[in-house]
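In: Got a predicted structure plus its sequence, pasted below:
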Amino acid sequence: MQDFLRRNHSSITEFILLGFSSDTQTNVILLILFLFLYLITLLGNGLIITLIFMDSRLHTPMYFFLCVLSILDTVYVTTIVPQMLVHMVSQKKTISYLGCAVQMYISLMLGISEFWLFAIMAYDRYVAICHPLRYKVIMSPLLCGSMVAFCGFWGISCALIYTVSTMILPYCGPNEINHFICEVPAVLKLACTDISLNDRLGFILGFFLLIVPLSLIILVYFNIFSAILKIRSTQGKLKAFSTCASHITVVTMFSIPCMVMYMRPGSEASPEDDKMLALFYTVVPPFLNPINYSLRNKDIKKAFLKVTGWGQVPE
């Protein structure tokens, strides 16, 4: 595999990830911050997965998709954050050529799958709000499983295209990636060849992987809001809006940085800006997702109190 990726006479066998800073004190502060975020992310997503598995009342399409999202987030941050933390306290900040390709592929695969999952979750909310009486019939287990498989297919196939098209380029040196992960735009800057074809490929893939699902989400929520405005009860409107607010927040935080990162020409990218953008779709969403989807969710609270035996949530 490594020989296949490096067949275009690349002389580099490993890369150096420069991370956020070369200052020791700054790295210690960042280490504490990101370690805290990582542990809370694992705890929050792990708790959601456990509660959904253990409480039969949560065995519905909505919570099935939420469970899949939590699994993706857990694996996503584990692919990125532990190595980033090690590099903050280590003198050796290297990653092998193959290791860089593997990290790039897994993070892309999970990120692409997750964004398409957001579109499916929006459709689930549309059916629940606009067709409540037919919800269980429409959102059958077969359909839910098929839609998740569809997300996985897009992630697996398109991440492979991104990774192979990036890693088969010749890399002659230097080997310092000004980033904390092997991100496609950051790695492409080291290629000793013209990358205009990769820029065009990135824009085309970005259109199908970001613009298309985002457009579907916007269309779905337009129909949802139209239906909500027809609800006579103010309380009913607020309840319907609250079920959508968390999802809209997560989609916005994830989609905008991704579009800026992957759909602009590589020549316009700033390393420091790219690092900040990457944080908003690699570290921050997995940390916030359990908070967004659980703090205002009575079903999750009830499941937690039931599992722990601490009582019941008042209606």
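Out: Sure, I can see it. Keep in mind the model is a prediction, meaning the values are calculated, not measured.
In: and Ile120, how many neighbours does it have?
Out: Ile120 has 22 neighbouring residues, counting by other C-beta atoms under 10 Å. In this view, the C-beta of every residue, glycine as well, is placed from N, C-alpha and C.
In: same deal with Thr94?
Out: Neighbour count for Thr94, taken as other C-beta under 10 Å: 14.
In: which residue packs closest to it, ignoring adjacent ones?
Out: The shortest distance from Thr94 to any non-neighbouring residue, by C-beta to C-beta, 6 or more residues apart in numbering, is to Glu14 (4.8 Å).
In: Could you look up the SS state of the nearest residue to Ile181 once chain neighbours are set aside?
Out: Distances taken as C-beta to C-beta, 6+ apart place Ile80 nearest to Ile181, at 5.2 Å, with adjacent residues excluded. Secondary structure state of Ile80, per DSSP: H, G, I helix; E, B strand; the rest coil, is helix.
In: ok, now how distant is Ile80 from Asn292?
Out: As judged by C-beta to C-beta, to the nearest Å, Ile80 and Asn292 stand 20 Å apart.
In: Between these two, which has more neighbouring residues?
Out: Neighbours were counted for Ile80 and for Asn292 using other C-beta under 10 Å; Ile80 has more, 24 against 18.
In: just checking, that one touches Tyr281?
Out: No - the pair Ile80 and Tyr281 fails to qualify as a contact (C-beta atoms under 8 Å) at a distance of 10.7 Å.
In: Might you report the residue contacts of the spatially closest residue to Ser96 that is not a sequence neighbour?
Out: Of all residues not flanking Ser96 in the chain, Glu14 sits nearest, at 5.1 Å (C-beta to C-beta, 6+ apart). Glu14 makes contact with Thr94, Ile95, Ser96, Tyr97, Asn175, according to C-beta atoms under 8 Å, 6 or more residues apart in numbering.
In: Can you report phi and psi for Glu14?
Out: Backbone torsions for Glu14, taken as degrees, to the nearest 10, come to phi -150, psi 160.
In: Kindly report the same for Asp23.
Out: Taking degrees, to the nearest 10, you get phi -80, psi 130 for the backbone angles of Asp23.
In: could you measure it against Gln91, distance?
Out: Counting by C-beta to C-beta - Asp23 and Gln91 are separated by 14 Å.
In: Those two: which has the busier surroundings?
Out: Neighbour count, other C-beta under 10 Å: between Asp23 and Gln91, Asp23 has more, with 10 against 5.
In: Now do the more buried one, the pLDDT please.
Out: We have a pLDDT of 80 for Asp23.
In: List the buried residues in the helix or strand that contains Tyr123.
Out: Using DSSP states H and E, Tyr123 sits in helix 97-130. With burial defined by 16 or more other C-beta atoms under 10 Å, the residues of helix 97-130 counted as buried are 97-98, 100-130.
In: Who's the closest spatial neighbour of Arg125, skipping the chain neighbours?
Out: Once flanking residues are discounted, Arg125 sits nearest to Cys244: 5.9 Å by C-beta to C-beta, 6+ apart.
In: Nearest residue to His131 in space, ignoring adjacent ones along the chain?
Out: Residue nearest to His131 in three dimensions, not counting chain neighbours: Ile138, with 6.4 Å by C-beta to C-beta, 6+ apart.
In: Any stretches of the stretch 201-315 of the chain with poor pLDDT?
Out: Residues of the stretch 201-315 of the chain that meet the criterion pLDDT under 70 lie in 236, 240, 243, 265-269, 295-296, 311-315.
In: what about the helices in it?
Out: Ranges of helices in the stretch 201-315 of the chain, per DSSP state H, counting those that start in this stretch, are 212-229, 234-263, 271-282, 284-294, 298-308.
In: of all those helices, which lies closest to Phe203?
Out: helix 234-263 (5.3 Å; C-beta to C-beta).
In: now what about stretch 31-41, what contacts it?
Out: 73-74, 77, 81-82, 84-85, 88-89, 283, 286-287, 290.
In: Go again with 7 Å.
Out: Here stretch 31-41 makes contact (C-beta atoms under 7 Å, 6 or more residues apart in numbering) with Asp73, Val77, Val81, Met84, Leu85, Met88, Val89, Val283, Pro286, Phe287.
In: for Thr13, phi and psi?
Out: phi -110, psi -10.
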